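> Prediction below, plus the sequence it came from.
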Amino acid sequence: MEKTERLLLIDDDETFTRVLARALGARGFAVSTAHDAVGALGLLRREHPTHCVLDLKLGADNGLALIPQLLAIAPNLRILLLTGYASIATAVEAIKRGAHDYLAKPVDADAIVRALRDDEGAEGDPGATAGEHAPPLRRLEWEHIQRVLVESEGNISEAARRLGLHRRTLQRKLAKHPVRERSS
């Protein structure tokens, strides 16, 4: 690595933060830590990190609500949202608000680094660096489609209606191979 990448780690669990900061530091990041929204915004203004790992639940604060505030200060900040409360709705909302990726806890430092650096510089070709590992959001989407299909008793038209998709779009998604989980 030519230059040190600055990372802001925001999590209210101080032990988790300390352990993860050490692991990410060993992987080439200069890590700053915050345990709440106020501390995170202050560090962001002072230290100008390029990457951010943000927990969904921050005690009284909410990681989803913090995403737009972080991006207002640093529009090019790559944000990875972590949560122990994974859901499709939360993943979609995180991406809509500007997070670059979303991972469910427990997660290891290597998976975090892959998510933070995934597709950097590969604008226009989102699959260029995905390799054989699908992003977590694609896996969540696949699982959601399968759940709705089961609830619709295999009726493609009904499942498409419930998902808000055109029937042919759903059929194309189903024709693709299942999304594999990342191996850790």
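Everything's here; your move.
> show me where pLDDT drops low in the chain?
Within the chain, the stretches with pLDDT under 70 are 1-3, 119-139, 176-184.
> Tell me, domain by domain, which residues of it belong where.
5-117, 136-175 (automatic domain parsing).
> And the first one, end to end?
With CA to CA, to the nearest Å applied, domain 5-117 spans 10 Å between its terminal residues.
> Redo the domains of the chain as TSV? Include mean neighbour count.
Bear in mind the C-beta positions are built from the backbone N, C-alpha and C, glycine included. Shown next, in TSV, are the domains of the chain (neighbours: other CB atoms under 10 Å):
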stretch	mean neighbour count
domain 5-117	18
domain 136-175	15
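> For the lengthiest helix in the chain, name the packing helices and strands.
Looking across the chain with DSSP state H, the single longest helix is helix 136-151. Contacts defined by 3 or more CB pairs under 8 Å, 6 or more residues apart in numbering; DSSP states H and E place helix 136-151 against helix 88-97, strand 101-104, helix 156-163, helix 167-175.
> hmm, try it at 7 Å
helix 88-97, strand 101-104, helix 156-163 (3 or more CB pairs under 7 Å, 6 or more residues apart in numbering; DSSP states H and E).
> Could you export those as TSV, including distance to Val148?
Output for the helices and strands packed on helix 136-151, formatted as TSV (distance: least, CB to CB, whole Å):
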stretch	distance to Val148
helix 88-97	10
strand 101-104	20
helix 156-163	5
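> looking at those, which is closest to Phe29?
Between Phe29 and these, the shortest separation by CB to CB is 15.6 Å, and it involves strand 101-104.
> Check the offset of the next helix or strand after the closest one from the chain's centre.
Remark: after strand 101-104, the chain's next helix or strand is helix 109-117, criterion DSSP states H and E. How far helix 109-117 lies from its chain's middle: 10 Å, per CA atoms, centre = their mean, to the nearest Å.
> what's the answer for stretch 94-108, then?
Relative to the chain's own centre, stretch 94-108 is displaced by 2 Å; criterion: CA atoms, centre = their mean.
> Can you pull out the residues in contact with that stretch?
Contacts to stretch 94-108, defined as CB atoms under 7 Å, 6 or more residues apart in numbering, come from residues 64, 67-68, 71, 78-84, 86, 91, 111-112, 115, 118, 135-137, 184.
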